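Asker: predicted structure and sequence below. I'll ask about it afterward.
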Amino acid sequence: QVQLVESGGGLAQAGGSTRLSCAASGLTFSSYVMGWFRQAPGKEREFVVGISRNGGKTYSTDSVKGRFSISRDNAKNTVYLQMNSLLPEDTATYYCAANLQLSLVVVTTSQRDYNYWGQGTQVTVSS
């Protein structure tokens, strides 16, 4: 049984930082592209940032470039989202997701290509 469990959400101040973690189990972690998505109240879920299987390539949406970074530890089956220079508009439920991928260098951005999803963790940024 595949499980993705996010942690690290909570309340943060604008301009501050926080880090999310996503621990995976029940899958061969290194075979999966990992991504972070978010859904703000009243909005559709959107891609935030993704990382290739070997961690060598990342891709992020424009709104978080230079502020958010993703990393992974394949030995610990964990992916991280470092969030800096937080803005109130970063307030959302953040989800990690896993995409089974043959390529070592692809970063998947489409939600429908992701096979497994976590339950989400709330990040609230106060101004």
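Answerer: Now that the structure is in, tell me what you want to look at. If you're wondering where the values come from, they're calculated on a predicted model, not measured in any experiment. Numbers count the residues shown, from 1 in each chain.
Asker: burial of Y114, as a residue count?
Answerer: 22 (other Cβ atoms under 10 Å). Where C-beta positions appear, they are placed from N, C-alpha and C, glycine not excepted.
Asker: send me stretch 73-83 as PDB with only the CA atoms.
Answerer: C-alpha atoms of stretch 73-83 as PDB (Å, rounded to 0.1, in the frame of the first residue of the first chain):
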ATOM      1  CA  ASP A  73      16.600  12.000  -0.300                       C
ATOM      2  CA  ASN A  74      16.200   8.600  -2.100                       C
ATOM      3  CA  ALA A  75      17.800   6.800   0.800                       C
ATOM      4  CA  LYS A  76      15.100   8.200   3.200                       C
ATOM      5  CA  ASN A  77      12.200   8.000   0.700                       C
ATOM      6  CA  THR A  78      11.500  11.600   1.400                       C
ATOM      7  CA  VAL A  79      11.000  14.800  -0.600                       C
ATOM      8  CA  TYR A  80      11.200  18.300   0.800                       C
ATOM      9  CA  LEU A  81       9.800  21.600  -0.100                       C
ATOM     10  CA  GLN A  82      11.800  24.600   1.200                       C
ATOM     11  CA  MET A  83       9.600  27.700   1.100                       C
END
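Asker: separation between the residue nearest the centre of the chain and S127?
Answerer: What sits nearest the mean C-alpha location of the chain, by Cα atoms, centre = their mean, is W36, with 2.1 Å. Distance of W36 to S127, computed by Cβ to Cβ, to the nearest Å: 23 Å.
Asker: okay, buried residues for stretch 64-73 please.
Answerer: V64, F68, S69, I70, R72 (16 or more other Cβ atoms under 10 Å).
Asker: do stretch 100-118 as well
Answerer: Going by neighbour count (16+ other Cβ under 10 Å), the buried part of stretch 100-118 is Q101, V106, V107, T108, T109, Q111, Y114, Y116, W117, G118.
Asker: just checking, the residue nearest to the centre of the chain is part of a strand?
Answerer: Yes - applying DSSP: H, G, I helix; E, B strand; the rest coil, one finds W36 inside a strand.
Asker: show me what it is bridged to.
Answerer: Going by DSSP bridges, W36 is paired in beta bridges with V49, C96.
Asker: show residues contacting stretch 53-73.
Answerer: Here stretch 53-73 makes contact (Cβ atoms under 8 Å, 6 or more residues apart in numbering) with 30-34, 36, 46-52, 74, 78-86, 89-90, 101, 103-107, 109.
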